[in-house]
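Chemist: sequence below, structure please.
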Amino acid sequence: MESETILILGATGGSGIAFVEEALKLPSPPNLVLYVRTASKLPARLSSHPKVSVVTGYLHDYNTLDSALKAHHVTTVVSFLGAYASISAMITRATDTPIANCFPGIISAMKQHGVRRLLALSTPSYWVEGKDVGTWKLSMYSILPKVMVPQGNAEMVKIAENVNELGEDLDWTIFRIPHLTDGPGDVSVWAGYAGPDHKGSLDLSRRSMGRWVIGEISERTWIKEAPFLGNY
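Modeler: Below is the predicted model:
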């Protein structure tokens, strides 16, 4: 992957950090551009790595993001952006989507600089008509976020919708995730659609997800698809 330059959104979260650590373990690691709001949240061992560049900016700051894509010759964008649970949103049942609302600008900047590959994290609540088949277990699992974290659920669904609807010229992959854990990276990951043939569990370690994303960047198995991941 040495020829790849990957810009990572959500790099200061647990999933983003796990991805960076797994990518840097590769024999020939890619160049990594960490687009972050607060650089001090990054572990020093990562921010100081020779394969890592840190760009400070906001998601809605089109000019900074545009400059980062251009200056670093980015080939792939990976989003680990996700919403955090909010008690106030649970009480008010708010469903605003400030993170997802930045994706039109992100996708526009990518197109401007010919960056075609986009991988974005989402939720099983984003249902793929014609491919997902409901089972009682998976249906209940996809309903719970709507009830417990309505704003976070709306955010993650809208991210997937924006990627799908605005990314017609991109080679995108939406990877839908279950409950994330801090387990090891060498656990197998199942990828596919919901239904009776679903083999994945409802747990996924962040490190194994990071490895799966790295593999998908190279293998391009799920172009314009939205697999549901799980360890098995």
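Chemist: ok, and what's touching the top helix by length along the chain?
Modeler: In terms of residue count, the longest helix belonging to the chain (DSSP state H) is helix 150-166. With contacts defined as CB atoms under 8 Å, 6 or more residues apart in numbering, helix 150-166 is touched by 79, 81-86, 89-90, 93-101, 103-104, 107, 118, 120-123, 125-126, 145-146, 170, 172, 174, 176, 226. Just so you know, the C-beta spots here come from the backbone N, C-alpha and C atoms, and that holds for glycine as well.
Chemist: does the residue nearest in space to the middle of the chain count as helix, strand or coil?
Modeler: Against the mean C-alpha coordinate of the chain, by CA atoms, centre = their mean, the closest residue is residue 121 at 2.9 Å. Secondary structure of residue 121, reduced to three states by DSSP: H, G, I helix; E, B strand; the rest coil: strand.
Chemist: distance of the closest residue to it other than its chain neighbours from residue 169?
Modeler: Using CB to CB, 6 or more residues apart in numbering and skipping the chain neighbours, the partner closest in space to residue 121 is residue 80 (5.3 Å). Separation of residue 80 from residue 169 (CB to CB, to the nearest Å) stands at 23 Å.
Chemist: looking at the two, which is more packed in?
Modeler: Counting neighbours by other CB atoms under 10 Å for residue 80 and for residue 169 shows that residue 80 has the greater number, 26 against 11.
Chemist: what distance do you get for that one to residue 50?
Modeler: Taking CB to CB as the measure, residue 80 and residue 50 are separated by 22 Å.
Chemist: again with residue 77
Modeler: In this structure, residue 77 and residue 50 are separated by 21 Å, where distance is defined by CB to CB.
Chemist: who's more crowded, those two?
Modeler: In this comparison of residue 77 against residue 50, neighbours counted by other CB under 10 Å, the higher total goes to residue 77 at 25 against 8.
Chemist: does that one touch residue 6 like I think?
Modeler: Yes. Between residue 77 and residue 6 a contact is recorded at 7.5 Å, counting by CB atoms under 8 Å.
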